[in-house]
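Enquirer: structure here, sequence nowhere to be found:
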């Protein structure tokens, strides 16, 4: 009772105490929500323990422990030779103007390799994934829609598969719709602002420029995600990935010290 009388005599203090209590409860709730989402709840992908982000480390460049993206030639070498990986994909985030009838709008886009969604265990609900041919420049005029974009912009009309939309003025044929609840992976090596704000609604095939295909060790523009083969160890995979790096560095005639890291 004495405490209650004291709060009545000091209403400003009572208000401040209530505010601090509310902030404390809110902070604890936010922290639990983060821990629950990141640490307690399983990732919404098939066998997530076999999924890794692949990055590079150059001890002579950057801060200790800092990782860097991968260049196109390294990715292609990995895809061709890393037998301890079941699947491997690049991903790159951007924005573009979508015109599908009505008012154009700017949407977040993810450029991904063929097989990206099956690697995650989330194949399209309708239609299909990208093909190997569509990875080549000049043959990449196709797109997949997120479930949210499909429902919001196309009223969940299944006949949208096969329809043409414009992405930055270029025609793209919709070849598939992603399943409801699909979450684009928050690869924590992406830019922090992108991790927190980017939710791709449109997906396009990743296509390398001629300059990227010629450059053996530079132009590190791509994030890479891979699935380890059952029974293979991360250490075995890293040995193969580093061997591929060394082959390209030797072919380029450069003196670089770079190694690969696999981040769960």
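Expert: Happy to help now that I have it. Small disclaimer: the values here were computed from a predicted structure and weren't measured.

Enquirer: in the stretch 51-200 of the chain, which spans are helices?
Expert: 72-81, 116-120, 147-154, 192-197 (DSSP state H, counting those that start in this stretch).

Enquirer: contact partners for residue 236?
Expert: residue 84 (C-beta atoms under 8 Å, 6 or more residues apart in numbering). Glycine gets a C-beta too; all of them are placed from N, C-alpha and C.

Enquirer: so it, which of the three states?
Expert: helix (DSSP: H, G, I helix; E, B strand; the rest coil).

Enquirer: need the winner for burial among the helices of the stretch 51-200 of the chain.
Expert: The highest mean neighbour count among the helices of the stretch 51-200 of the chain, using mean count of other C-beta atoms under 10 Å, belongs to helix 116-120: a mean of 22.

Enquirer: those strands in the protein, which residues are they?
Expert: For the chain, the strands defined by DSSP state E cover 51-57, 70-71, 85-99, 105-112, 126-127, 142-145, 164-167, 170-177, 202-205, 220-228, 259-263.

Enquirer: the longest one versus helix 72-81: what angle between them?
Expert: Using axes from the mean of the first three to the mean of the last three C-alpha atoms, to 10 degrees, the direction of strand 85-99 lies 140 degrees away from that of helix 72-81.

Enquirer: residues of stretch 253-264 that come out buried?
Expert: Residues 258, 260, 261, 262 are the ones in stretch 253-264 that count as buried (16 or more other C-beta atoms under 10 Å).

Enquirer: one more: stretch 102-119?
Expert: Neighbour counts using 16+ other C-beta under 10 Å place 107, 108, 109, 110, 111, 112, 113, 114, 115, 116, 117, 119 of stretch 102-119 among the buried residues.

Enquirer: chain center to that stretch: distance?
Expert: In terms of C-alpha atoms, centre = their mean, to the nearest Å, the centre of stretch 102-119 is found 11 Å from the chain centre.

Enquirer: okay, how far is it across that stretch, tip to tip?
Expert: 35 Å (C-alpha to C-alpha, to the nearest Å).

Enquirer: residue 125 - how many residues pack around it?
Expert: Residues lying near residue 125 (other C-beta atoms under 10 Å) number 14.

Enquirer: what residues are up against it?
Expert: 147, 176, 177, 178, 179, 180.

Enquirer: try residue 213
Expert: Applying C-beta under 8 Å, 6+ apart to residue 213 gives the contacts 72, 73, 76.

Enquirer: from these, which is closest to residue 216?
Expert: Proximity of these to residue 216 was ranked by C-beta to C-beta; the top entry is residue 73 with 5.2 Å.

Enquirer: next, find the distance separating that closest one from residue 155.
Expert: Look at residue 73 and residue 155: by C-beta to C-beta, to the nearest Å, they are 43 Å apart.

Enquirer: kindly report the same for residue 248.
Expert: 48 Å.

Enquirer: the more surrounded of the two?
Expert: residue 248 (19 against 8).

Enquirer: doesn't residue 73 make contact with the more buried one?
Expert: Yes. The pair residue 248 / residue 73 is scored as a contact, 5.9 Å apart, by C-beta atoms under 8 Å.
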